[in-house]
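A.B. asks: Curious how this folds, go ahead:
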Amino acid sequence: MKLSEAVQRTIDLAARIWQYWEAELPKRHPNYPLVNPGEDDGPPPPEEKQLRQFLAGLPEDLLYKLASLMSLGRGDFAVDGLVERYQELKRFGNPEWVVDLMMDKPALADYLSEWLEELQNNKINVDNRPLKRTRSRK
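C.D. replies: So this is what the prediction gives:
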């Protein structure tokens, strides 16, 4: 699977999750967006399980790339920090933690959409560009 395909699938599922909660939470919480302690949010949408399974089933390399792009879309760093973020996730993260990290972001679809725009503005095709440090020849 190409990274761009994984991104699009993630955006689609995450957007449906966001839409579900945007519709359901106001029905369940009278003071929404304020949520009082003890109020029940109700059951999660089926897309949450689908997204978690999809992310958990990705090869580690692809998962770390996807998480790096999410961080780029969040504005955690500029495009030139993409390789460093990827390397950091590979070094210190583990797949389960990275999946949890991504699932914990309600605006995941927006973050990934933002990176698409950022990379397009910088004329970067992620499917053709490895996120690894390259050695320069002498």
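
A.B. asks: Please make it C-alpha for all contacts and neighbour counts, starting now.
C.D. replies: Fine.

A.B. asks: What residues of the helix-or-strand element of the chain with minimal mean pLDDT count as buried?
C.D. replies: The element with the least model confidence among the helices and strands of the chain, by mean pLDDT, DSSP states H and E, is helix 82-92, at a mean of 79. Of the residues in helix 82-92, those buried by neighbour count under the rule 16 or more other CA atoms under 10 Å are 82-83, 85-87, 89-90.

A.B. asks: Mind putting the residues you listed into JSON lines with distance to Leu108?
C.D. replies: Formatted as JSON lines, the entries for the buried residues of helix 82-92 read as follows, by distance: CA to CA, whole Å:
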{"residue": "Leu82", "distance to Leu108": "17"}
{"residue": "Val83", "distance to Leu108": "20"}
{"residue": "Arg85", "distance to Leu108": "17"}
{"residue": "Tyr86", "distance to Leu108": "17"}
{"residue": "Gln87", "distance to Leu108": "21"}
{"residue": "Leu89", "distance to Leu108": "17"}
{"residue": "Lys90", "distance to Leu108": "20"}
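
A.B. asks: Of those, which is the nearest to Val35?
C.D. replies: Using CA to CA, the shortest approach to Val35 within these belongs to Leu89, at 33.2 Å.

A.B. asks: For this structure, just list every one of the helices.
C.D. replies: Defined through DSSP state H, the helices belonging to the chain, from first to last, are 3-28, 46-57, 60-74, 82-92, 95-103, 108-121.

A.B. asks: thought Pro26 was touching Tyr32?
C.D. replies: Yes. Taking CA atoms under 8 Å as the contact criterion, Pro26 and Tyr32 are neighbours in contact, 5.4 Å apart.

A.B. asks: Show me which of those two is the more surrounded one.
C.D. replies: With neighbours defined as other CA atoms under 10 Å, Pro26 and Tyr32 compare such that Pro26 has more, 15 against 11.
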